[in-house]
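Chemist: Structure here, sequence nowhere to be found:
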RNA sequence: GGAGAGGUGGCAGAGUGGUCGAAUGCACUCGCUUGGAAAGCGAGCAGACUGUUAAAGGUCUCGGGAGUUCGAAUCUCCCCCUCUCCGCCA
């Protein structure tokens, strides 16, 4: 949520920044108009209430309260009527302002490149040339099914399309990756969390997932609980409605979690393979920082994600998302993309975002610089470190050999207990 | 699932209709004291909005919402949450 104060004080600045988004800046004038009316109404109500409170106080201080109450009743009743009248427009004005602001995306950072779509994203660095193969590399779904370690047919039987079952060495590879990712995060100073995988509506709203733009999430309407689409939600909201001591910042959290997404807007996209499923595994990285540190933190967070790919020997690159591609919550986003030789393109494997104070304001995550200082909003950042399924895809495709077997990246061998996958197992 | 208890400031915990944004204790901040510390003493210490150069001042908040009343932390109703006991269970 944008800062209404900023909108009041400097609507021109908000207008300029918001205009860079496809959503545009039309809301600015409307919000300013509504807010001006709202504040006028509030001011008059408060003045009238002050008058009424003075009379009420007079009663409580009177020698004969009953008599004084009788005497002042008509005046108080008159004030009550005026309070009701002056306050009548307030709920509707607040509702309108909230409804507008709730769906306005975060303001982009100045460093975000302009662009109309993914083609305008800027490649910042490339880890190295993609490896050359002495044969035609296969896509991971062919490799995985031939080895018997990925089973789409039985997953469809169990749950439908966009699900996969891992078997034997595939399952162990997935589990080993989770362990590897978590260990590396801990080594880099992250605190591991086992969060809830279901969250309530308020939590989901507070991290910006519940907007009119959001694809529907899996939910239990009976209890009004939502399956998390990413551990970003519980990790970011962990300190919601709290005021943190400034010296505790930055806070760095990591968590493994399953992620559930309906993918309602992705019909027909990535229908084969493990790329886009209703259920997948991910290790998430989240930072809470002081405002001045958040953009340095974004660089650091992105390096953390990249380092995992480097250690696994997976070719990758980092791109800065352009103005049209940065998501609702973020002021700036770097995507880390891994090379998939079986499909001959780069594919997002981690999306690292600085959400500045946007989620913090929704979730009310604040900090105090010093003991008596006024609370300020923290900045929140998140990124995958990494998406487990997509890493598994990258390993299958990059480490495939001509006979269809898969070498296990050296760094991962201690975590999975074998160095080649030639059959489903026992491996 | 059954029965009961309870939600007050960072924590503990008073407060059952007015002078209560709220006693007291702990924690915390500053000062005094001290060679230094502890103890002791003094002062401060909730958040939001409004207002102002800054302030003063004002409004709201005692889980959330609605109501009774001139006046609600306190009374009534609804909702949410937590805890205890019993049952069941990974």
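Modeler: Structure's in. What do you need? Every value quoted in this text rests on a predicted model; they were computed, and no experiment measured them.

Chemist: Quick check: phi and psi on residue A:32?
Modeler: Backbone torsions for residue A:32, taken as degrees, to the nearest 10, come to phi -60, psi -40.

Chemist: ok, and the closest non-adjacent residue to it?
Modeler: For residue A:32, ignoring the flanking residues on the chain, the nearest one in space by Cβ to Cβ, 6 or more residues apart in numbering is residue A:11 at 5.3 Å. (Glycine included, C-beta is placed from N, CA and C.)

Chemist: neighbours of that neighbour, just the number please.
Modeler: Counted with other Cβ atoms under 10 Å, residues neighbouring residue A:11 total 16.

Chemist: and the closest residue to residue A:178 other than its chain neighbours, what are its bridge partners?
Modeler: Nearest residue to residue A:178, sequence neighbours excluded (Cβ to Cβ, 6+ apart): residue A:256, at 5.0 Å. Residue A:256 has these beta-bridge partners by DSSP bridges: residue A:283.

Chemist: what sits against residue A:256?
Modeler: Residues in contact with residue A:256 (Cβ atoms under 8 Å, 6 or more residues apart in numbering) are A:178, A:181-182, A:194, A:231, A:281-284.

Chemist: Could you identify the buried members of those residues?
Modeler: Buried members of the contacts of residue A:256, counted by 16 or more other Cβ atoms under 10 Å: A:178, A:181-182, A:231, A:281-284.

Chemist: Now do the strands in the stretch 101-250 of chain A.
Modeler: Using DSSP state E, counting those that start in this stretch, the strands of the stretch 101-250 of chain A run over A:122-126, A:150-151, A:165-166, A:191-192, A:198-200, A:219-220, A:225-227, A:242-245.

Chemist: Which pLDDT value belongs to the residue nearest to residue A:178?
Modeler: At residue A:256, the predicted lDDT confidence score is 96.

Chemist: Repeat that for residue A:424.
Modeler: For residue A:424, the predicted pLDDT is 62.

Chemist: cool, residue A:17 as well?
Modeler: pLDDT at residue A:17 comes out at 89.

Chemist: how many other residues sit next to it?
Modeler: 20.

Chemist: In this structure it contacts residue A:105, no?
Modeler: No. Using Cβ atoms under 8 Å, residue A:17 makes no contact with residue A:105, being 10.5 Å away.

Chemist: Tell me the backbone dihedrals of the residue nearest to residue A:32, please.
Modeler: According to degrees, to the nearest 10, residue A:11 has phi -60, psi -30.

Chemist: any idea how far it lies from residue A:283?
Modeler: Distance, residue A:11 to residue A:283, using Cβ to Cβ, to the nearest Å: 41 Å.

Chemist: The host helix or strand of residue A:58: which residues count as buried?
Modeler: Residue A:58 is part of helix A:27-61 when elements are defined by DSSP states H and E. Within helix A:27-61, the residues that count as buried by 16+ other Cβ under 10 Å are A:27-28, A:31-32, A:34-35, A:38, A:41, A:45, A:48, A:52, A:55, A:59.

Chemist: now do stretch A:328-344
Modeler: Residues of stretch A:328-344 classed as buried: A:328-343 (neighbour count, 16+ other Cβ under 10 Å).

Chemist: and what of stretch A:365-384?
Modeler: Buried residues in stretch A:365-384 (16+ other Cβ under 10 Å): A:365-367, A:376-384.

Chemist: filter the residues you listed down to the ones near RNA strand B?
Modeler: Counting by Cβ under 7 Å from any atom of the strand, residue A:366 from these sit close to RNA strand B.

Chemist: Is it possible to get a markdown table of the buried residues of stretch A:365-384 that adds secondary structure and distance to residue A:319?
Modeler: As requested, these are arranged in a markdown table below (DSSP: H, G, I helix; E, B strand; the rest coil; distance: Cβ to Cβ, whole Å):
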| residue | secondary structure | distance to residue A:319 |
| --- | --- | --- |
| A:365 | strand | 29 |
| A:366 | strand | 33 |
| A:367 | strand | 31 |
| A:376 | strand | 32 |
| A:377 | strand | 28 |
| A:378 | coil | 27 |
| A:379 | strand | 22 |
| A:380 | strand | 22 |
| A:381 | strand | 17 |
| A:382 | strand | 17 |
| A:383 | strand | 13 |
| A:384 | strand | 15 |
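
Chemist: Now render the buried residues of stretch A:365-384 as JSON lines, adding pLDDT and distance to residue A:349.
Modeler: Formatted as JSON lines, those follow (pLDDT from 0 to 100; distance: Cβ to Cβ, whole Å):
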{"residue": "A:365", "pLDDT": "88", "distance to residue A:349": "27"}
{"residue": "A:366", "pLDDT": "87", "distance to residue A:349": "33"}
{"residue": "A:367", "pLDDT": "87", "distance to residue A:349": "31"}
{"residue": "A:376", "pLDDT": "87", "distance to residue A:349": "34"}
{"residue": "A:377", "pLDDT": "90", "distance to residue A:349": "30"}
{"residue": "A:378", "pLDDT": "91", "distance to residue A:349": "27"}
{"residue": "A:379", "pLDDT": "93", "distance to residue A:349": "24"}
{"residue": "A:380", "pLDDT": "95", "distance to residue A:349": "21"}
{"residue": "A:381", "pLDDT": "96", "distance to residue A:349": "17"}
{"residue": "A:382", "pLDDT": "97", "distance to residue A:349": "15"}
{"residue": "A:383", "pLDDT": "97", "distance to residue A:349": "10"}
{"residue": "A:384", "pLDDT": "95", "distance to residue A:349": "7"}
